[in-house]
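[1] Make a model of this:
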Amino acid sequence: MKIAVGLSGGVDSSVAAKLLIEQGYDVCGITLRLLNEQTSAAKEQTERIIEEAAQAARVLGIPHCVYDFRAEFQKQIIDYFIQSYRSGETPNPCYICNKQIKFGLLMEQALREGFDAVATGHYAKVFQEPSGRYALERGADAQKDQSYFLALLSQEQLSRTFFPLAELTKPEVRLIAEKAGLVNAHKSDSQDICFVPDGDYTAVIDALAPDAFPEGDFIDINGVKVGTHRGLHRYTIGQRRGLALPFGYPIYVVEKSAEHNTVTVGSGETLLAAACSVREVNRIAEMPLEPFYAEVKTRYRQQLKKARIEPIGTDRVRIVFTEPERAVACGQAAVFYSGSRVLGGGIIDSVESSSCPIR
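    Residues are numbered from 1 along each chain as shown. Predicted coordinates:
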């Protein structure tokens, strides 16, 4: 079986390739060229990733090639990212990129070129159930589990996906890389969105869409103006720092309105959500069509919380939290779990507030 491994130059993807080689698969490393090189920093970053991936491939003794998806990445991810902010949402581009780019375009091109499947260094598990349906589960390393970002994958995509690191912890992966002589064995993990390498996403948006986010009003929960904000893209739900508003108690961003170009602020109690609605729901497991209980994440680093899932047709649900949830943001992913199993997920598009106090 021929497997195309998404090779990023990092330790995880390199070890994923090594493990597949040891299992007897015919492996090729594929690196994606995604960033338009408008700046010298973007060009340097792109060339560094490609060279580090090529170096790992040489050590592993496998072929390496580059797929150029710059135009598609600009349209499907970066433009989406900016438009989501323009709509008053807080987007999760990695969640969309996995569906459309890494397990979308990459997989499609790899299959056309004769590969049978795609593998990545994600910490997650995929397997086929006796019914024939493919299941997605959390990885063994609870600190690195990335199943949250994979909840949009279709049955077809899961059926052609390998996650060789499913049962490994990060320290174990680094040890394997060290023993294999991979120079990236102790390379630090990237914590940033790939097209925002320094974490300053507002600067990226300002450069790409300089006139898209004018100043507007800060308002309180009663609609009274309390100040002037510097553009919707600079604020996210739950944010406290950088508001510079003259209140005598801690103030947070509670809501953003693209229609009125306002940012609503309030005390911590006003951040609590009783429920939220989710669009574009992808059902990995066969979820009931009537209300059921599951565990939910509305942010990647969040603890799983029990909630009631109320299906609305086939591609929408309403999530009713058992206990009020803090700082739920439109545009983020909501992912549903049953134990370690991912049931599915979608994009939050409305939030119902709660009057309950913070616990």
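[2] In three-state terms, label E323 for me.
    Secondary structure, DSSP: H, G, I helix; E, B strand; the rest coil: E323 is strand.
[3] roughly how far apart are it and A307?
    The gap separating E323 from A307 is 9 Å, by CB to CB, to the nearest Å. The C-beta positions use only the backbone N, C-alpha and C, and glycine is treated the same way.
[4] try S87
    In terms of CB to CB, S87 sits 25 Å off from A307.
[5] Neighbour count: those two, which is higher?
    Neighbour tally, S87 and A307, criterion other CB atoms under 10 Å: the higher count belongs to A307, 23 against 15.
[6] residue contacts, the residue nearest to that one when sequence neighbours are not counted?
    Leaving aside its sequence neighbours, A307 sits nearest to V296 (CB to CB, 6 or more residues apart in numbering; 4.5 Å). By CB atoms under 8 Å, 6 or more residues apart in numbering, the contact set of V296 is 304-307, 309, 319, 321, 334-337.
[7] mind listing the helices for the stretch 201-350 of the chain?
    201-208 (DSSP state H, counting those that start in this stretch).
[8] Quick one: low-confidence residue ranges for the stretch 251-359 of the chain.
    Where the stretch 251-359 of the chain drops to pLDDT under 70, the residues are 355-359.
[9] in it, which spans are strands?
    With DSSP state E, counting those that start in this stretch as the criterion, the stretch 251-359 of the chain has strands at 252-257, 262-266, 272-283, 292-297, 305-312, 316-326, 333-338, 341-353.
[10] Tell me which of those sits most buried.
    Highest mean neighbour count among those (mean count of other CB atoms under 10 Å): strand 333-338, with a mean of 24.
[11] Give the other helices and strands that that strand contacts.
    With contacts taken as 3 or more CB pairs under 8 Å, 6 or more residues apart in numbering; DSSP states H and E, strand 333-338 sits against strand 292-297, strand 341-353.
[12] Let's have these in a markdown table, adding distance to T120.
    Listed next are the helices and strands packed on strand 333-338 as a markdown table, based on distance: least, CB to CB, whole Å:
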| stretch | distance to T120 |
| --- | --- |
| strand 292-297 | 20 |
| strand 341-353 | 16 |
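[13] do you know which of the ones you listed lies nearest L182?
    Across these, L182 has its closest neighbour in strand 341-353 (29.8 Å, CB to CB).
[14] ok so, going back, name the nearest of the contacts of V296 relative to I221.
    Nearest to I221 among the contacts of V296, with distances taken as CB to CB, is F321, at 19.9 Å.
[15] sorry, back to before: shared neighbours, E323 and A307?
    Counting by CB under 8 Å, 6+ apart, E323 and A307 have no shared contacts at all.
[16] Show me the shaky parts of the stretch 101-250 of the chain.
    The stretch 101-250 of the chain contains residues with pLDDT under 70 at 191-192, 197-198.
[17] at 90 instead, please
    Scanning the stretch 101-250 of the chain with the threshold set as pLDDT under 90 gives 182-211, 242, 244, 246-248.
[18] can you map out the strands along it?
    Assigned strands in the stretch 101-250 of the chain, in chain order: 117-119, 124-128, 134-138, 161-162, 216-219, 225-229 (criterion: DSSP E, counting those that start in this stretch).
[19] Just put the ones you listed in TSV and tack on distance to L19.
    Converted to TSV, the strands of the stretch 101-250 of the chain look like this (distance: least, CB to CB, whole Å):
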stretch	distance to L19
strand 117-119	9
strand 124-128	14
strand 134-138	18
strand 161-162	9
strand 216-219	51
strand 225-229	49
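[20] wait, which of those strands is closest to E290?
    Counting by CB to CB, E290 lies closest to strand 134-138 out of these; the figure is 21.5 Å.
[21] list the helices and strands that closest one packs on?
    In terms of contacts (3+ CB pairs under 8 Å, 6+ apart), strand 134-138 is packed against strand 124-128, helix 155-159, strand 341-353.
[22] I'd like these as JSON lines, with distance to I205 appended.
    Shown next, in JSON lines, are the helices and strands packed on strand 134-138 (distance: least, CB to CB, whole Å):
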{"stretch": "strand 124-128", "distance to I205": "30"}
{"stretch": "helix 155-159", "distance to I205": "29"}
{"stretch": "strand 341-353", "distance to I205": "19"}
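[23] Nearest to Y134 among these would be which one?
    Nearest to Y134, of the helices and strands packed on strand 134-138 and by CB to CB, is helix 155-159 at 3.9 Å.
[24] buried residues in that closest one?
    Of the residues in helix 155-159, 157-158 count as buried by neighbour count, 16 or more other CB atoms under 10 Å.
[25] now what about that helix, what contacts it?
    Under the criterion CB under 8 Å, 6+ apart, residues 99, 103-104, 107, 126, 128, 133-136, 284 lie in contact with helix 155-159.
[26] what's the single longest helix in this structure?
    helix 40-60 (DSSP state H).
[27] what angle do the helix or strand following that helix and helix 40-60 make?
    Later in the chain than helix 40-60, the nearest helix or strand by DSSP states H and E is strand 64-68. Per axes from the mean of the first three to the mean of the last three CA atoms, to 10 degrees, the angle that strand 64-68 makes with helix 40-60 is 150 degrees.
[28] Give me the helices and strands touching the helix or strand just after strand 64-68, please.
    Next along the chain after strand 64-68, taking DSSP H and E as the criterion, comes helix 70-73. With contacts defined as 3+ CB pairs under 8 Å, 6+ apart, helix 70-73 has no helix or strand neighbours.
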